[in-house]
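**Q** Here is my input, please return the structure:
(4 chains)
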Protein chains: 2
Amino acid sequence: MAPNDTPQARPSLRERKKQRTLEELAAAAARLFAEQGFEATTLEEVVAAAEVSKRTFFRYYGSKEAVALAPEGQLWERYVAEVAERPLGGTVLDSLRSALLDTVTRMPLGWEERFYACRRLAAHSPTPALRDHTVVASFHVQAELTGILERRLGTSSEADVRLRLLGEFALSAWRCGAKEWVMGREPGQTGRPAMDATPDPLDAGTAARVRGGRERLLRRVDEAFAAIPASLALSAD
Amino acid sequence: MAPNDTPQARPSLRERKKQRTLEELAAAAARLFAEQGFEATTLEEVVAAAEVSKRTFFRYYGSKEAVALAPEGQLWERYVAEVAERPLGGTVLDSLRSALLDTVTRMPLGWEERFYACRRLAAHSPTPALRDHTVVASFHVQAELTGILERRLGTSSEADVRLRLLGEFALSAWRCGAKEWVMGREPGQTGRPAMDATPDPLDAGTAARVRGGRERLLRRVDEAFAAIPASLALSAD
DNA sequence: ATATCCAATGCCACTCAGTGGCAGTTTTTG
DNA sequence: CAAAAACTGCCACTGAGTGGCATTGGATAT
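**A** Numbers count the residues shown, from 1 in each chain, chains lettered A, B, ... in the order given. Sure, this is the predicted structure:
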């Protein structure tokens, strides 16, 4: 039925246009939010810059927050697909970890810069709307993971609680690792700020070598996963 | 300076009035939301029922969601206070667990019914607004816990990641335990629904013996905490 | 090529949560 | 009792998000 059963499966013109608007919206949003801040920018401005109607915007993104965090959304989309398909062996938590690391690794070129930009935007916003949205998004992922694992493991009895917990832990590790990364903190370092006090709206030029690139993000997340057992045993001096 | 340095510290008249409006708002909201649903009820109706202006409402609650989940908010308020003050010994996770259980135990009489009502409301709402809010709220708690623990333990070096993870785990266990509770699922039970299919808006009469009361909630949360180590080791058949 | 179909878009009016500002009221304080 | 401070009400306003309907423009069949 589809006109393109060709091995290379060129997406139809219509699909390509949709993809283009999707990206243009994200790009326009990223630019405007970076320039003026998230709350100082209205949706009207974004859709005007992307040359679509406000009504159309909401057919692509669920909210103003969603488009601001588009890079993160892309990650989650691929992550759940990865967990749903990859063969899983060893402990489930290890599977979730390696699936996540692989997904990050395979994200398109330059993704980490866009991701860094949106996380930084969230971290520096006066209102918590964006921060809250990242949390909520990671929870939708957790819920999906739980469902997938139930299906793939034939969820037995009270293993149920354990499965839910696993999803939580995987996302906890991600949140911690990602947070460490955006804060640019070195692992064996103490105290809070640990980076030159730069509340610069847009870091000038290549100053954003993006906190050490994607490899460092991977390392941070990996460390967070690895720290899980030790954290459970942590006791008060 | 305060006019009441009396041992019994009677809160000033002004304080008592504030407390009253706070409760009246929560009560009016709970009633209307239960009757008509969360999204079908406008804020105007709520403030009319409580006989305050909309402007005043926002001086008491941060959002429409916040007042709907007021019982949960009360819990968190007391929980962070508890963690901040109680002496902590043994593993940190155990401290977080027992602090949470104690806090639940000491909540005012009838709290679990209001809590159950608002959780059920969230679970049955067509829009995810309330569900999302519970998640966000638990994260603000997690952030506060992390801060408190840093202060109390003199956060050393990379113990930082572990601390953050601990906060996440405590709240993960809470979320899982509370979810089990509201779903009324028995621990050694399989499958999804596990309760008679009752999407009844208000369970008739005392039908809500509230899923076994507060003790069962405590047990569920305790079980979730206890399941943490086992979940880490869970492997694919 | 032309007629047809249907997905995607644009436009418009609308709801409603949430905010700023200021004037009026009540409690506290001296 | 007067002045200060805290609290409230009213009103206008912003801006996100939605429903409905007409219109455009790829896709498809003849």
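
**Q** Is the helix or strand containing residue A:33 positioned near DNA strand C?
**A** Using DSSP states H and E, residue A:33 maps to helix A:13-36. Yes. Helix A:13-36 is in contact with DNA strand C by C-beta under 7 Å from any atom of the strand, via A:14, A:17-18, A:21. The way it works is simple: take the backbone N, C-alpha and C, and place the C-beta from them, glycine included.

**Q** any idea of the mean pLDDT in that helix?
**A** Averaged over helix A:13-36, pLDDT sits at 96.

**Q** can you tell if it touches DNA strand D?
**A** Yes. Shown here: helix A:13-36 in contact with DNA strand D (C-beta under 7 Å from any atom of the strand) through A:13-15, A:17.

**Q** out of these, which one sits closest to chain B?
**A** residue A:15 (28.1 Å; C-beta to the nearest C-beta).

**Q** what sits against the closest one?
**A** Contact criterion C-beta atoms under 8 Å, 6 or more residues apart in numbering or on different chains gives no residues in contact with residue A:15.

**Q** which other residues reach stretch A:215-226?
**A** Contacts of stretch A:215-226 (C-beta under 8 Å, 6+ apart): A:93, A:97, A:100-101, A:104-105, A:112, A:170, A:172-174, A:176-178, A:180-181, A:187, B:161, B:165.

**Q** chain center to that stretch: distance?
**A** 14 Å (C-alpha atoms, centre = their mean, to the nearest Å).

**Q** same deal with stretch A:166-185?
**A** Using C-alpha atoms, centre = their mean, the offset of stretch A:166-185 from its chain centre is 10 Å.

**Q** what about that stretch, near chain B?
**A** Yes. Stretch A:166-185 reaches chain B (C-beta under 8 Å from any C-beta of the partner chain) through A:166, A:168-169, A:172-173, A:175-176, A:179-180, A:185.

**Q** In terms of distance to DNA strand C, which of the residues you listed ranks first?
**A** residue A:175 (23.8 Å; C-beta to the nearest atom of the strand).

**Q** thinking the closest one is in contact with residue B:168, fair?
**A** Yes. Between residue A:175 and residue B:168 there is a contact under C-beta atoms under 8 Å: 7.1 Å.

**Q** of the two, who's got more company?
**A** Of the pair residue A:175 and residue B:168, residue B:168 is the one with more neighbours under other C-beta atoms under 10 Å in any protein chain shown, namely 25 against 20.

**Q** helices or strands next to the helix or strand of chain A with the lowest mean pLDDT in the packing?
**A** The least trusted helix or strand in chain A, going by mean pLDDT, DSSP states H and E, turns out to be helix A:159-183, with a mean of 92. Other helices and strands packing on helix A:159-183, by 3 or more C-beta pairs under 8 Å, 6 or more residues apart in numbering or on different chains; DSSP states H and E, are helix A:92-105, helix A:111-124, helix A:129-153, helix A:213-226, helix B:159-183, helix B:213-226, helix B:228-233.

**Q** returning to what we had before: just the buried subset of the contacts of stretch A:215-226, written out for PyMOL, thanks.
**A** Here is the PyMOL command that picks out the buried ones among these, judged by 16 or more other C-beta atoms under 10 Å in any protein chain shown:
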select buried, (chain A and resi 93+97+100+101+104+112+170+172+173+174+176+177+178+180+181) or (chain B and resi 161+165)
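
**Q** on that earlier part again, pull out the buried members of the residues of helix A:13-36 next to DNA strand C.
**A** So, by 16+ other C-beta under 10 Å, the buried ones in the residues of helix A:13-36 next to DNA strand C are residue A:21.

**Q** can you redo the residues of helix A:13-36 next to DNA strand C as a markdown table with distance to residue A:83?
**A** Shown next, in a markdown table, are the residues of helix A:13-36 next to DNA strand C (distance: C-beta to C-beta, whole Å):
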| residue | distance to residue A:83 |
| --- | --- |
| A:14 | 30 |
| A:17 | 31 |
| A:18 | 26 |
| A:21 | 29 |
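
**Q** ok, the residues of helix A:13-36 next to DNA strand C vs DNA strand D, which is closest?
**A** Once C-beta to the nearest atom of the strand is applied, the member of those that ends up nearest DNA strand D is residue A:14, at 3.8 Å.

**Q** hmm, back to that, mind giving me CSV with the residues of helix A:13-36 next to DNA strand D and columns for distance to residue B:60?
**A** Output for those, formatted as CSV (distance: C-beta to C-beta, whole Å):
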residue, distance to residue B:60
A:13, 54
A:14, 50
A:15, 49
A:17, 48
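
**Q** Looking at the residues of stretch A:166-185 next to chain B, which two lie furthest apart in space?
**A** A:166 and A:185 (26.6 Å; C-beta to C-beta).

**Q** more crowded one of the two?
**A** Neighbours were tallied for residue A:166 and for residue A:185 using other C-beta under 10 Å; the higher tally belongs to residue A:166 (24 against 21).

**Q** these two touch, right, the more buried one and residue A:94?
**A** No. At 10.5 Å, residue A:166 does not count as touching residue A:94 under the criterion of C-beta under 8 Å.

**Q** Does anything pack onto the helix or strand encompassing residue A:59? Which helices or strands?
**A** Assigned by DSSP H and E, residue A:59 belongs to helix A:54-60. Contacts defined by 3+ C-beta pairs under 8 Å, 6+ apart place helix A:54-60 against helix A:13-36, helix A:43-50.

**Q** do the shortest one and DNA strand D meet at all?
**A** Same thing as helix A:43-50. Yes. Shown here: helix A:43-50 in contact with DNA strand D (C-beta under 7 Å from any atom of the strand) through A:43-44.

**Q** Show me which residues of that helix are buried.
**A** Buried, per 16+ other C-beta under 10 Å, within helix A:43-50: A:46-47, A:49-50.

**Q** what inclination does it have with respect to helix A:13-36?
**A** On the basis of axes from the mean of the first three to the mean of the last three C-alpha atoms, to 10 degrees, helix A:43-50 is oriented at 120 degrees to helix A:13-36.

**Q** how distant is helix A:43-50 from the center of its chain?
**A** Centroid separation for helix A:43-50 versus its chain: 23 Å, with C-alpha atoms, centre = their mean.

**Q** which other residues reach that helix?
**A** A:21, A:24-25, A:27-29, A:31-32, A:53-54, A:56-57, A:64, A:67.

**Q** nearest to residue B:124, of the residues you listed?
**A** Closest to residue B:124, out of all of those and judged by C-beta to C-beta, is residue A:64, at 26.9 Å.

**Q** so what's the closest one up against?
**A** A:38, A:43, A:46.

**Q** how much space between the second one and residue B:126?
**A** Right, residue A:43. 24 Å (C-beta to C-beta, to the nearest Å).

**Q** Of all residues in chain A, which one is nearest the centre?
**A** Note on chain A: the residue nearest the mean C-alpha position is residue A:72, at 2.7 Å, using C-alpha atoms, centre = their mean.
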